[in-house]
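Asker: Below is the structure, and that's it, no one-letter string:
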């Protein structure tokens, strides 16, 4: 199984996005919420590197503690 880590301000929308692209999505979980953009960016990177997961840092910066970091696994085709 492969894994991916990301950051979002809308976990429900982001999960739906990834479910459409990876029908084998499993083990969706929020690693941590109520983060600033910089905190989320750092946690995304360290979580992905520690778990050997794919990630693509970034996203449009939004101010405040509105960010969540998520992680999931999926089967490759």
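Answerer: Cool, the structure landed. Everything numeric here is computed off the predicted structure, so don't read it as measured data.

Asker: Show me where the protein has its strands.
Answerer: 2-8, 26-35, 67-74 (DSSP state E).

Asker: and the ones you listed as a markdown table, adding distance to residue 51?
Answerer: Bear in mind the C-beta positions are built from the backbone N, C-alpha and C, glycine included. Shown next, in a markdown table, are these (distance: least, CB to CB, whole Å):
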| stretch | distance to residue 51 |
| --- | --- |
| strand 2-8 | 6 |
| strand 26-35 | 10 |
| strand 67-74 | 7 |
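
Asker: Chain neighbours aside, what residue packs nearest to residue 67?
Answerer: residue 40 (3.7 Å; CB to CB, 6 or more residues apart in numbering).

Asker: Number of residues surrounding that neighbour?
Answerer: 26 (other CB atoms under 10 Å).

Asker: ok, now which ones touch it?
Answerer: By CB atoms under 8 Å, 6 or more residues apart in numbering, the contact set of residue 40 is 7, 67, 68, 69.

Asker: okay if I get those residues as TSV plus pLDDT?
Answerer: Listed next are the contacts of residue 40 as TSV, based on pLDDT from 0 to 100:
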residue	pLDDT
7	97
67	97
68	98
69	98
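
Asker: No further questions, thank you.
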